[in-house]
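Undergrad: any chance you could fold what I've pasted below:
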Amino acid sequence: MFKRIIFILVISASFSLQAIAQSQSSCSQTLREAQLTYERGRIDLVPEQLASCLKSGFNKEEKIAAYKLLVNTYLYFNESDKAAEAMTFFLSLNPEYEIDVIADPSEFINLYNSFRTTPVYLLGGKAGSNMTAVNVSKNFSLDDSSIERGKYNFIPGFNVGIALEIPITKKVSAAPEIYFSQKKYQYRDLILGFADLNFEETQTLVELPVFVKYNIGNYGKNNNITPFVNAGGSVSYLLSSEADVLRKDAVSGENQREVSGPSIDLADQRNSINYAAAVGAGVKLKNIIGRGYLIVDFRYTYGLNNIVNPDNRTANTSLVYDYLYVDNDFSINNYSFTVGYLIPKYKPKLLVKKSKK
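TA: A predicted model of the protein is given here:
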C-alpha cells in the first residue's frame, strides 16, 4: 500500500513538472510571437497576446521583456496611463535597467526619465577596526601636574553595526548608523620618580553616527566604482569601562616591586553620554557580490567633550593609593576602517504625470 502511494505521488509530480515545462515553453513561444506581431505593425494585438502568460507562465526575464513590449505598445497609441502602469511593473522587476540611447525609442526614454529609479534606501551591515587617540585638555596627577604627563598609545579595537543610507538626490544621501564598538588605549607614566605605571582602558559603547554623504561620481568600466566623502556627528552611550593596571616600582638596582590586581571598573569615573564630530571618505563597489554595494570606509572622529566625570576623579581609592593614578581631563578621537555591504531597496514611482496628447 505504501509503495503504491509513493508511486502515485511520483507520477503526479512528474505530470505536474511536465505541465509546467510545457506552459513555460508555450509562453516563451507566445512572447516571440508578440514581438513579431509588434515588428510587423499589428501592434494593437500585442496586449491580448501577452495577457494570459503575464498572469501565469512567464519566467522573470520573459516578464521583463513582455512589460517593456507593453510599454512601447501603449506609448505607440498614446495611452499614457497604461504605459506608466506597465513601466512600473517593468522597473519593479528590473530596477537597475540602463537606457540604451540607440535601441530604446525616445518616448520610452522620456517615460523612464519620469520615474524614480534610484533606491528608496540601502540597508546593510558594517564591521571593522578602530584606533583610539587621547586628547588631554588638563593634567591631573599625584606628581607634578604642571607638565604634560605620560604617553598615550594606540591599542586596536573593533566596531560592528547596521548602516542605513537614504538618497536625497542622486549624489547626496543621509546615512544614519548604529554600532556596537570597543575602544582601547594605553597610558604609560613614571610617577614620583619610581613608579612605572601601565594603564590600559577598554570602553564598550553603543554609537549612533549620522552622516551626510556625497557621491563624487561613477567610475570604472561599467560605472561600478563610486567614491564618496561624508561628514556628520555622533553620540555614544558608554556600556562599560574597565582598566587593567600594572605598577612596577624600582626599589634598588634591578629589583622591582609589582602592584597588580583584577580589572578596575571605571564606569563611575566616565560620562555615560559623549559627543563627537566626524569626517570620512570611502568607495562603493557595485556588482562585486550580488546586487548590493560593497562599502570600504575610513573615518576620523573628533571627541567634543571631556569623557571624565570630574566629581568622581579620585573616588576610586584603589587607583589613587595602590597605583598612584589620577585621571587627566581628556576627550577621545578615533580612527576607524570598516567594510560593509548594503542592499538597495527600490520602489519605482512616476514623478511627473504624463499628459495625454
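
Undergrad: where does the stretch 151-300 of the chain dip in pLDDT?
TA: The model of the stretch 151-300 of the chain has pLDDT under 70 over residues 252-255.

Undergrad: now swap in the stretch 1-150 of the chain and tell me
TA: When residues are selected by pLDDT under 70, those of the stretch 1-150 of the chain lie in 1-24.

Undergrad: all strands of it, in order?
TA: In the stretch 1-150 of the chain, the strands defined using DSSP state E, counting those that start in this stretch lie at 115-116, 121-138.

Undergrad: want to throw those into TSV with distance to residue 264 and mean neighbour count?
TA: C-beta: built from backbone N, CA, C; applies to glycine. Rendered in TSV, the data for these read as follows (distance: least, C-beta to C-beta, whole Å; neighbours: other C-beta atoms under 10 Å):
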stretch	distance to residue 264	mean neighbour count
strand 115-116	55	16
strand 121-138	18	17
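
Undergrad: among the ones you listed, which is nearest residue 226?
TA: Smallest distance to residue 226 across the strands of the stretch 1-150 of the chain (C-beta to C-beta): 11.7 Å, for strand 121-138.

Undergrad: which elements pack onto the next helix or strand after the closest one?
TA: Per DSSP states H and E, the first helix or strand lying C-terminal to strand 121-138 is strand 151-167. Contacts defined by 3 or more C-beta pairs under 8 Å, 6 or more residues apart in numbering; DSSP states H and E place strand 151-167 against strand 121-138, strand 172-191, strand 195-215, strand 329-345.

Undergrad: to residue 56, which of the strands of the stretch 1-150 of the chain lies closest?
TA: Proximity of those to residue 56 was assessed by C-beta to C-beta; the nearest stretch is strand 115-116, lying at 26.4 Å.

Undergrad: and the closest one, which strands flank it?
TA: Take DSSP bridges as the rule and strand 115-116 pairs in its sheet with strand 349-350 (antiparallel).

Undergrad: so the closest residue to residue 266 other than its chain neighbours is in which element?
TA: Using C-beta to C-beta, 6 or more residues apart in numbering and skipping the chain neighbours, the partner closest in space to residue 266 is residue 241 (4.1 Å). According to DSSP H and E, residue 241 maps onto strand 225-252.

Undergrad: what lines up beside the helix or strand just after that strand in the sheet?
TA: Past strand 225-252, heading to the C-terminal end, the next element that is a helix or strand (DSSP H and E) is strand 255-260. Strand 255-260 pairs in its sheet with strand 225-252 (antiparallel), by DSSP bridges.

Undergrad: mind listing what's buried in the partner strand?
TA: Applying a neighbour-count criterion of 16 or more other C-beta atoms under 10 Å, one finds 226, 228, 230, 232, 234, 236, 238, 241, 243-245, 247-248 buried in strand 225-252.

Undergrad: now it against strand 195-215, angle please.
TA: 170 degrees (axes from the mean of the first three to the mean of the last three C-alpha atoms, to 10 degrees).

Undergrad: so how far is strand 225-252 off the chain centroid?
TA: Distance, stretch centre to chain centre, for strand 225-252: 22 Å (C-alpha atoms, centre = their mean, to the nearest Å).

Undergrad: kindly report the same for stretch 95-106.
TA: When C-alpha coordinates are averaged (C-alpha atoms, centre = their mean), stretch 95-106 and its chain have centres 29 Å apart.

Undergrad: distance between the ends of it?
TA: Across stretch 95-106, the terminal residues are separated by 19 Å (C-alpha to C-alpha, to the nearest Å).

Undergrad: quick one: contacts of it?
TA: Here stretch 95-106 makes contact (C-beta atoms under 8 Å, 6 or more residues apart in numbering) with 72, 75, 90-91, 109, 112, 117, 119, 291, 344, 346, 348.

Undergrad: mind putting the residues you listed into TSV with neighbour count and distance to residue 308?
TA: Listed next are the contacts of stretch 95-106 as TSV, based on neighbours: other C-beta atoms under 10 Å; distance: C-beta to C-beta, whole Å:
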residue	neighbour count	distance to residue 308
72	19	68
75	22	68
90	25	59
91	23	54
109	13	61
112	18	58
117	18	51
119	20	43
291	10	47
344	19	43
346	16	47
348	21	52
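
Undergrad: now, which of the residues you listed sits nearest residue 62?
TA: For those, with residue 62 as the reference and C-beta to C-beta as the criterion, the closest is residue 90, at 12.3 Å.

Undergrad: how close does the residue nearest to the closest one when sequence neighbours are not counted get to residue 25?
TA: In this structure, residue 90 finds its nearest non-sequential neighbour in residue 67, 3.9 Å apart by C-beta to C-beta, 6+ apart. Note on residue 67: its distance to residue 25, by C-beta to C-beta, to the nearest Å, is 20 Å.

Undergrad: then residue 35?
TA: From residue 35 over to residue 25 the distance is 16 Å, taken as C-beta to C-beta.
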